[in-house]
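Colleague: Below are the sequence and a predicted model for it; my questions follow.
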Amino acid sequence: MVSNLLQPTYALPLTAGLAVLLLGHLSTRGSPPQLIPSPLKTVLPSLTDSDKAGLPYPPDALPGARDVTSPYGTFRCYEWGSTNGRFVLLVHGISTPSLALYPLAQRLVNEHGCRVLLIDLWGRGYSDAPGDLPYDARLYTSQILLALTSSPVSWTGAGGPADGFDIMGYSLGGGIASNFAANFPHMIRSVTLLTPAGLIRPERRGWAMRLMYSSPFFPEALLKWFVKRSLGGGKATTGTNYQAQNSKSGISFNILNAPSEELPKENAPDEGPLIETYPHVSVAGAVNWQLMTHPGFISSFISSIRHAPNIAQQEMWRHIPTAGQKPKVLILAGETDPIILADDLREDAIAVLGEENVRFEVLSCGHELPVTCSEQASAIIGQFWSLEL
């Protein structure tokens, strides 16, 4: 089963193979590749249409697909919906491609008349992976701007939404979206953050994570081997109430849990097939396929942990306008989320933005909130929008 392929495995035996890998790292010098191509270039050209339809992440699974060529490589966008409604940009998490945000995006189109734009972030899905750049706010911001300017309709200028567009970010995408809104507030109408990174407390990183992602002494080749192995074995979690068992901050966590926590759990609400036209498609299957077939995924995952706006972003969040100005902020947290603790997030967001300037809601789900709670999330978002002055 695909769902059994994504839970981290923590044992790290120093086998003869590992010793060879370590010696190879110590003896090899060279620059990283400038560009790591995505499955769009390495897999699809050799497949028939039937083969493509059977993939865990078919290239036409989401409507309005386009591939954008840029100096950083080629990346995939999806854009659909009415041009007469709100324009909404959605940014996905650290391991899931745009597929994970499809249930919510489709509800925004059907229930609120929106036009939506989704992006496969660098190194995920059908987007290339820059191999010689840090995956920081600058890289992700430039990708968003490239996506906006590649649209067949205007998102920021004449003919576009007069009040700006709404930006939504999930997990890692929450850190990216809040950073973008702080830098370009004149473009943004509102901000919705779904179990967002950005305000994760530094002390919650365990010593092993600090060693692997911060220490210059941990060999890069060994780290990539360990991360891929950890993401590729074990059994899916069942979504126990982590908050009830670990309600206080300061609990360390392992970021290698993030991919499995972005997947629906065995006891999660059933919203039916992810995509009606492709009933075999699942977020778990897409993530596992990406892990196995995208040669730049592991590098993008590691670099995003190191450089993306995930931790202690209070100063940047203070630049998000609130209190009657645009944008306004809505935060949705998961009650059983072990990655982004709802209590910590509420406390830290209110401390930065002010209690009167942010609406905070806790939903009965985990970190996979956009997949399993899209109906409830869409309703709350609609109510939030209706309160605009």
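Modeller: Cool, the structure landed.
Colleague: Can you give the distance from stretch 79-87 to the centre of its chain?
Modeller: The chain centre lies 22 Å from the centre of stretch 79-87; the measure is C-alpha atoms, centre = their mean, to the nearest Å.
Colleague: longest strand of the protein?
Modeller: Across the chain, the longest stretch assigned as strand under DSSP state E is strand 73-81.
Colleague: Show me the contact partners of that one.
Modeller: 35, 37-38, 40-41, 62-68, 98, 108-109, 113-122, 125-130, 143, 146-147, 150-152 (C-beta atoms under 8 Å, 6 or more residues apart in numbering). C-beta coordinates here come from the backbone N, C-alpha and C atoms, glycine included.
Colleague: Pull out the buried residues from that strand.
Modeller: Buried residues in strand 73-81, counted by 16 or more other C-beta atoms under 10 Å: 73-81.
Colleague: angle of the helix or strand following it against strand 73-81?
Modeller: Using DSSP states H and E, the helix or strand that follows strand 73-81 in sequence is strand 87-91. Relative orientation of strand 87-91 versus strand 73-81 (axes from the mean of the first three to the mean of the last three C-alpha atoms, to 10 degrees): 140 degrees.
Colleague: I'd like the next helix or strand past strand 87-91.
Modeller: Strand 87-91 is succeeded, C-terminally, by helix 102-112 (DSSP H and E).
Colleague: Give the other helices and strands that that following helix contacts.
Modeller: Judged by 3 or more C-beta pairs under 8 Å, 6 or more residues apart in numbering; DSSP states H and E, the packing partners of helix 102-112 are strand 73-81, strand 87-91, strand 115-119, helix 369-372, helix 374-386.
Colleague: The strand or helix carrying Leu223 - contacts with which helices or strands?
Modeller: Element membership for Leu223 (DSSP H and E) is helix 220-231. Contacts defined by 3+ C-beta pairs under 8 Å, 6+ apart place helix 220-231 against helix 16-27, helix 207-214, helix 297-307.
Colleague: Just the mean pLDDT for stretch 126-139, thanks.
Modeller: The average pLDDT within stretch 126-139 is 97.
Colleague: Straight-line length of that stretch, end to end?
Modeller: End-to-end distance of stretch 126-139 (C-alpha to C-alpha, to the nearest Å): 17 Å.
Colleague: for stretch 320-337, same thing?
Modeller: 25 Å.
Colleague: what does stretch 319-334 give?
Modeller: Here the two ends of stretch 319-334 are set 25 Å apart, with distance taken as C-alpha to C-alpha.
Colleague: quick revisit: hey, least reliable of the helices and strands packed on helix 220-231 by pLDDT?
Modeller: Least confident of the helices and strands packed on helix 220-231, judged by mean pLDDT, is helix 16-27 with a mean of 43.
Colleague: next structured bit after that one?
Modeller: Under the assignment DSSP H and E, the closest C-terminal helix or strand after helix 16-27 is strand 35-36.
Colleague: Report the mean confidence score over that next one.
Modeller: When pLDDT is averaged along strand 35-36, the result is 96.
Colleague: Give me the sheet partners of that strand and which way each runs.
Modeller: Using DSSP bridges, the strands paired with strand 35-36 are strand 129-130 (antiparallel).
Colleague: Next, count neighbours for Ala162.
Modeller: Using other C-beta atoms under 10 Å, Ala162 has 7 other residues around it.
Colleague: mind checking pLDDT for it?
Modeller: 81.
Colleague: Ok, Phe218 next?
Modeller: The model reports Phe218 with a pLDDT of 75.
Colleague: So it, which state does it fall into?
Modeller: State at Phe218, reduced to three classes by DSSP: H, G, I helix; E, B strand; the rest coil: coil.
Colleague: Report the separation between it and Gly232.
Modeller: Distance, Phe218 to Gly232, by C-beta to C-beta, to the nearest Å: 20 Å.
Colleague: And for Pro295?
Modeller: For Pro295, the distance to Gly232 - C-beta to C-beta - is 14 Å.
Colleague: got it, and Arg318?
Modeller: In this view, Arg318 and Gly232 are 39 Å apart by C-beta to C-beta.
Colleague: Compare those two and say which one has the larger neighbour count.
Modeller: Between Arg318 and Gly232, counting by other C-beta under 10 Å, Gly232 is the more crowded of the two (16 against 12).
Colleague: show me what contacts Ile275?
Modeller: Each residue near Ile275 by C-beta under 8 Å, 6+ apart is listed here: 61-62, 102, 281.
Colleague: looking at this, it is in a helix?
Modeller: No: using three-state DSSP, the secondary structure at Ile275 is coil, not a helix.
Colleague: So what's the predicted local confidence for it?
Modeller: Ile275 carries a pLDDT score of 92 in this model.
Colleague: now do Gly73
Modeller: 97.
Colleague: nearest residue to it other than its sequence neighbours?
Modeller: Closest residue to Gly73 apart from its sequence neighbours, by C-beta to C-beta, 6 or more residues apart in numbering: Asp128 at 3.1 Å.
Colleague: Give me the distance between the closest residue in space to Ala105 that isn't next to it in sequence and Ile167.
Modeller: Excluding the flanking residues, the one nearest Ala105 by C-beta to C-beta, 6+ apart is Val116, at 4.4 Å. Separation of Val116 from Ile167 (C-beta to C-beta) stands at 11 Å.
Colleague: Spell out which residues are contacts of both of these two.
Modeller: With C-beta under 8 Å, 6+ apart, Val116 and Ile167 have common neighbours 88-89.
Colleague: follow-up on the earlier one: adding distance to Val287 as columns, could you present the buried residues of strand 73-81 in JSON lines?
Modeller: Listed next are the buried residues of strand 73-81 as JSON lines, based on distance: C-beta to C-beta, whole Å:
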{"residue": "Gly73", "distance to Val287": "21"}
{"residue": "Thr74", "distance to Val287": "21"}
{"residue": "Phe75", "distance to Val287": "18"}
{"residue": "Arg76", "distance to Val287": "16"}
{"residue": "Cys77", "distance to Val287": "19"}
{"residue": "Tyr78", "distance to Val287": "17"}
{"residue": "Glu79", "distance to Val287": "23"}
{"residue": "Trp80", "distance to Val287": "23"}
{"residue": "Gly81", "distance to Val287": "25"}
